[in-house]
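[1] need coordinates for the following:
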Amino acid sequence: MSGHSKWSTIKHKKAKADAEKGKLFTKAIKELTIAARMGGGDPESNPRLRTAIAAAKAINMPSENIERAIKKGTGELPGVTYEETTYEGYGPGGAALLIEITTDNKNRTVSEIRHILSRNGGNMAESGAVSWMFHKKGLILVDKEAIDEDELMTAVLDAGAEDMKIEEGSYEITTQPGDFEKVKRAIEDLGIKPSFAEVTMVPQTTVVVKGKDAQQLLKLMEALEDHDDVRKVYSNFNIPQEELQAIAEEM
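    Numbers count the residues shown, from 1 in each chain. So this is what the prediction gives:
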């Protein structure tokens with residue numbers, strides 16, 4: 001598992017402060033709106049919308065807010081038109097960055113993202129410079145203590161998983177994007193809740209980053225993820241687990 005996936009799991013486990021709720025709601029509304037616009041307002045036939053609704057409920061967004069965002073996406077209610085784009089760049093230690101954006105003003109957003117990168121030891125790259133390093137995959141992590149390895153492997157492989165391996169106390173399951181929901185459901189049918197589950201960009205190779213570069217890189221990740229227009233940030237960094245945990249606790 002890449003260091004970025006480890007970082008994501010640590011962040012998911014960290015409690016969200018009430019002060020952050022408005023920002024989280026803003027991001028969730030954007031994702032609900034664009035998911036509904038692209039795939040329709042029925043979550044049963046729109047996996048991206050289904051995932052967006054689950055994420056919104058996880059941060060305790062009221063049902064009426066969710067419904068309103070979906071209706072703005074389908075055009076039943078007037079709303080802002082969002083565009084999706086991806087910026088590429090490099091962070092401290094030579095880590096590659098893919099930054100997924102949802103914005104109503106691309107010129108403003110690219111200027112702000114460029115500023116965040118330069119302020120935190122990174123820089124923008126041309127389109128295609130780093131995207132080739134990543135493959136789109138479903139990634140699911142299950143705590144090793146939660147279930148027997150053979151039982152889990154049988155279930156996920158039968159459901160269409162590509163691979164399962166053990167990484168630092170967790171089972172790591174990878175899938176093709178189209179098989180992600182089916183494999184995740186097979187795990188949940190065993191009574192197991194994954195510690196991490198999403199369709200993500202998995203790096204083909206990783207870059208080890210340590211020391212001051214590691215600290216600055218995680219500050220850059222935090223700053224990017226904190227931006228209202230940033231949907232997801234992917235990277236190929238690999239920071240040793242102990243160092244990653246220590247830095248995360250200080251932030």
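[2] next SSE downstream of the helix or strand where T174 lies?
    T174 belongs to strand 170-175 when assigned by DSSP states H and E. Moving toward the C-terminus from strand 170-175, the next helix or strand (DSSP H and E) is helix 180-188.
[3] and that following helix, which residues are buried?
    For helix 180-188, a neighbour-count test (16 or more other CB atoms under 10 Å) marks 180-181, 183-184, 186-187 as buried. For glycine as for every other residue, the C-beta is placed from the backbone atoms N, C-alpha and C.
[4] now do stretch 201-209
    For stretch 201-209, by 16+ other CB under 10 Å, it's 201-203, 206-207, 209.
[5] ok, residues contacting it?
    With contacts defined as CB atoms under 8 Å, 6 or more residues apart in numbering, stretch 201-209 is touched by 2-5, 92-96, 98, 133-137, 139, 174, 217, 234-240.
[6] circling back to that earlier point, what is the lowest-pLDDT residue among the buried residues of stretch 201-209?
    Of all the buried residues of stretch 201-209, V202 carries the smallest pLDDT score, 88.
[7] isn't there a strand covering that one?
    Yes - under DSSP: H, G, I helix; E, B strand; the rest coil, V202 falls within a strand.
[8] run through the bridge partners of it.
    Beta-bridge partners recorded for V202 (DSSP bridges): H135.
[9] returning to that earlier point: pairing partners for the strand holding T174, with directions?
    Checking strand 170-175 against DSSP bridges gives partners strand 134-143 (antiparallel), strand 163-167 (antiparallel).
[10] what's the most buried one of those strands?
    Comparing those by mean neighbour count (mean count of other CB atoms under 10 Å), strand 134-143 comes out on top with a mean of 19.
[11] now do that strand: everything it contacts.
    With CB under 8 Å, 6+ apart, strand 134-143 has contacts from 1, 5, 9, 96, 98, 152, 156, 162, 169-177, 179-180, 183-184, 187, 192, 194-204, 234, 236.
[12] restricting to C-alpha, output the helix or strand just after it in CSV.
    Using DSSP H and E, the helix or strand that follows strand 134-143 towards the C-terminus is helix 149-158. Output of helix 149-158 as CSV, limited to C-alpha atoms (Å, rounded to 0.1, in the frame of the first residue of the first chain):
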residue,chain,number,x,y,z
GLU,A,149,-7.6,-14.8,5.8
ASP,A,150,-8.9,-17.8,3.9
GLU,A,151,-12.6,-16.9,4.5
LEU,A,152,-12.1,-13.3,3.3
MET,A,153,-10.0,-14.3,0.3
THR,A,154,-12.6,-16.8,-0.9
ALA,A,155,-15.4,-14.2,-0.6
VAL,A,156,-13.5,-11.4,-2.4
LEU,A,157,-12.1,-13.5,-5.2
ASP,A,158,-15.5,-15.0,-5.8
